[in-house]
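1. Return a 3D structure for these sequence lines:
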Amino acid sequence: MSSPKVLFGFHAVGVRLKTAPQSIVEIYFEPTRRDARMRQFLERVNEAGVRLIEADGLRLSKLAGSHGHQGVAARVEPVPQIHSLDDLLDAVTEPPLLLVLDGVTDPHNLGACLRVADGAGVHAVIAPKDHAVGVNATVAKVASGAAETVPYFMVTNLARTLGELKERNIWIIGTAEDAPKTLYQADFKGPVALVLGAEGQGMRQLTRKTCDELISIPMRGAVESLNVSVASGVCLFEAMRQRT
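-> Below you'll find the predicted structure:
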């Protein structure tokens with residue numbers, strides 16, 4: 001059995017408390033924080049019957065590896081996950097919507113992308129093992145619970161995985177500043193994998209060549225590009241608008 005991991009912050013711990021309370025080993029909280037948000041949180045913990053432990057700010061910071069714990073941290077066991085992208089796609093009953101991140105190594109960006117993906121109804125997020133960050137405590141905190149709800153697959157060969165998605169008739173749409181077609185001219189209603197590269201560098205050349213279509217986000221200001229999580233939100237919510 002793998003060792004427990006740590007979640008911290010009201011959102012991340014709250015989502016686990018809501019979706020899989022039996023997986024929580026114990027929750028640490030700062031007793032000096034007595035505001036309404038903490039009181040409501042502790043009521044939910046007590047209702048779920050989860051063990052509560054008082055801890056000062058220093059202990060919480062060491063446990064979380066961050067000062068942004070908001071007075072709450074939890075040691076949790078892993079929850080059962082779908083083990084492969086193929087298993088997930090076999091189980092999806094509607095046209096899949098996937099987010100592919102090529103070269104996103106900053107945990108804050110990944111966490112924000114997962115949060116956006118959850119809000120837009122994305123079925124899974126895919127990233128290459130050698131050009132990506134894994135889901136750690138910082139990612140989980142920034143994701144505000146979405147790291148618990150959105151499957152995140154790290155694949156050995158991204159180009160090959162995109163090719164396998166094509167075999168499933170999933171249309172691969174990449175984003176590029178120089179693309180002749182804009183986001184609002186693209187069709188997201190069918191099975192789609194949206195590919196975004198890291199801010200600044202963009203997608204790698206092989207990833208770009210593997211895409212079926214390239215689109216750009218229209219920009220009217222002085223800046224040339226958006227942060228990858230913002231770009232993900234713009235594109236995915238346009239996809240959600242079309243699909244609903």
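
2. Give me the domain ranges for the protein.
-> The chain is divided into the following domains under automatic domain parsing: 5-76, 85-243.

3. want to throw these into a markdown table with mean neighbour count and mean pLDDT?
-> All C-beta atoms are positioned from the backbone trio N, CA, C, and that covers glycine. Below are those laid out as a markdown table (neighbours: other C-beta atoms under 10 Å; pLDDT from 0 to 100):
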| stretch | mean neighbour count | mean pLDDT |
| --- | --- | --- |
| domain 5-76 | 17 | 92 |
| domain 85-243 | 18 | 92 |
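
4. separation between the closest residue in space to residue 169 that isn't next to it in sequence and residue 120?
-> Spatial nearest neighbour of residue 169, excluding adjacent residues (C-beta to C-beta, 6 or more residues apart in numbering): residue 191 at 6.0 Å. Look at residue 191 and residue 120: by C-beta to C-beta, to the nearest Å, they are 15 Å apart.

5. isn't the residue nearest to residue 169 right up against residue 173?
-> No. The pair residue 191 / residue 173 is not scored as a contact, 10.9 Å apart, by C-beta atoms under 8 Å.

6. Strands of the protein, start to end?
-> For the chain, the strands defined by DSSP state E cover 5-8, 24-29, 52-54, 72-76, 97-102, 124-128, 152-155, 171-175, 181-182, 192-197, 213-216.

7. Contacts for the third one, please.
-> Read it as strand 52-54. By C-beta atoms under 8 Å, 6 or more residues apart in numbering, the surrounding residues in contact with strand 52-54 are 26-31, 42, 45-46.

8. Most widely separated two among those residues?
-> Largest separation among the contacts of strand 52-54 by C-beta to C-beta: 30 and 46, giving 16.4 Å.

9. Would you list the phi and psi of the residue of the chain positioned farthest from its centre?
-> Distance from the C-alpha centroid of the chain, by C-alpha atoms, centre = their mean, peaks at residue 32 (31.8 Å). Torsion angles at residue 32 (phi, psi; degrees, to the nearest 10) stand at phi -80, psi -20.

10. Residue 42 and residue 73: what is the separation?
-> Remark: distance between residue 42 and residue 73 (C-beta to C-beta) = 14 Å.

11. With residue 243 instead?
-> Distance of residue 243 to residue 73, computed by C-beta to C-beta: 37 Å.

12. List the contacts of the most centrally placed residue in the chain.
-> Per C-alpha atoms, centre = their mean, the C-alpha nearest to the average position across the chain is that of residue 114, at 1.8 Å. Each residue near residue 114 by C-beta under 8 Å, 6+ apart is listed here: 125, 135, 139, 143, 146-147, 150, 152.

13. and which of those is nearest residue 220?
-> residue 125 (28.8 Å).

14. Who are the contact partners of the closest one?
-> 98-101, 113-114, 117, 150-153.

15. Now these in JSON lines, please, with extra columns for distance to residue 204.
-> What follows is the contacts of residue 125, written out as JSON lines (distance: C-beta to C-beta, whole Å):
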{"residue": "98", "distance to residue 204": "18"}
{"residue": "99", "distance to residue 204": "17"}
{"residue": "100", "distance to residue 204": "12"}
{"residue": "101", "distance to residue 204": "12"}
{"residue": "113", "distance to residue 204": "17"}
{"residue": "114", "distance to residue 204": "21"}
{"residue": "117", "distance to residue 204": "21"}
{"residue": "150", "distance to residue 204": "23"}
{"residue": "151", "distance to residue 204": "23"}
{"residue": "152", "distance to residue 204": "19"}
{"residue": "153", "distance to residue 204": "18"}
